[in-house]
Every structure is written in structure tokens, then in C-alpha cells.
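Student: Quick one, structure for this:
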Amino acid sequence: MFTRIPVLAALSVFATAVVAVPAATSSVPEVIPGPGLPSLESLNLTSADLYAMGPPPAASEYLLLVGARSADYTAVCQTYSTAAVNDVIACFNYLVSIGNNACAVTNPDLITWFCESGTAAISGSNTSGQPTVSSTCYDVALGLQWVFTYCNVDGQVGGSQAANGNGGLIVAADNISWM
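Tutor: All right, here's what the predicted structure looks like:
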């Protein structure tokens, strides 16, 4: 004779198992703004949004030729501490999104974090000889754009360049584990 209780119990266990499955998580790393910079929430952005924006359009290559250059600093590419190019570009998109906000380095002896995501750590250093150096975050992004364009080896990026027009503020892309 067929008993309904085991069947209902089995269905109940199955239904509980289905409910207990965690929701799908985002497939992109979290973009973490540096101290004192606007949150993604305040900009109405998500990490997924910043990754989906991708690299800047080819038209911005003009900016690479005339901007992000300074007679006070020679850009450097390095391969000992690299980050995935998409992680660097997500931070680039974050810095562009906060555009005219100040990205400042207030201590010449320390680096300042502008953004972290996945394997990437984007930082600034003060080589001006002054207590504080500052540029717009957009100009910092232009320096970073030079790095991920010219220091990209097989999808891995590492290097530094001056913020656009400011040889005293150096922006670097490194692997987060290096810092």
C-alpha cells in the first residue's frame, strides 16, 4: 500500500533545499573608492555598471597624445606588480565618473588610495615637494588611461604616469597584493 507521508516529506525537503540556495552573486569584483571619495551608491552606480562601461572610446586617444603628459615625470611601465586590465579600467571609469572632484595626496611620504577592484590598486603619490598635491579625478584618470593603454601586456597592467598636466601627482596601477 502506498503511503503519502514519505512523499510529502520528500517534497518538503526538496522545497526547503530550493529555498536555501543562495541568490546569484555579481560576477564582477567590487569597486572600492579611496578614502574621502564619493561612494558608488552616492553616484547611483554599481560595480557592474563600472565594468560594463568598458574602456574609453577610441576618440579619447587624442587625450593620450596631448594630455596626461608632464615634463616633470617620465612614465614607467613595469611587470613585477600587474593587475587585470578590466579591473584597472573599472577604476578608471570610477575616477571619470567623479570628474571634477579633487583627488589629493596630502602626505609626501605616503601613497593615497584612489580605487581598488579585483586585482587592481590605483594609488597616487606626491612628488611635488609640497605638503599637498591635487588634481581633478578626471586628470588622474587620464594618467591612468596612459598606463592601461601603453603598459598592457597580455591583459595585465602595471605602471605609473603623472596626472594630466601635474607632474607632482603620480598615479599608479599595481596588483593589490603588492601594496
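
Student: check contacts around Ile170.
Tutor: Tyr73, Gly124, Ser125, Thr127, Gly143, Ser160, Gln161, Ala162, Ala163 (CB atoms under 8 Å, 6 or more residues apart in numbering). The C-beta positions use only the backbone N, C-alpha and C, and glycine is treated the same way.

Student: for the fifth one, phi and psi?
Tutor: Gly143 adopts backbone torsions of phi -60, psi -40, taken as degrees, to the nearest 10.

Student: quick one: least confident helix or strand in this structure?
Tutor: Ranked by mean pLDDT, DSSP states H and E, the weakest helix or strand in the chain is helix 4-20, scoring a mean of 38.

Student: Show me what secondary structure element comes after it.
Tutor: strand 31-33 (DSSP states H and E).

Student: which other residues reach that following strand?
Tutor: By CB under 8 Å, 6+ apart, strand 31-33 touches Ser39, Leu40, Ser47, Leu50, Tyr51, Ala90, Cys91, Tyr94, Phe114, Cys115, Glu116, Ser117.

Student: Now for the first one: which residues touch it?
Tutor: Ser39 sits next to Pro33 when contact means CB under 8 Å, 6+ apart.

Student: Same question for the second one.
Tutor: The contact partners of Leu40, by CB under 8 Å, 6+ apart, come to Val31, Pro33, Thr46, Ser47, Leu50, Tyr94.

Student: go with 10 Å
Tutor: Contact criterion CB atoms under 10 Å, 6 or more residues apart in numbering gives Glu30, Val31, Ile32, Pro33, Thr46, Ser47, Asp49, Leu50, Tyr94, Ser97 as the residues in contact with Leu40.
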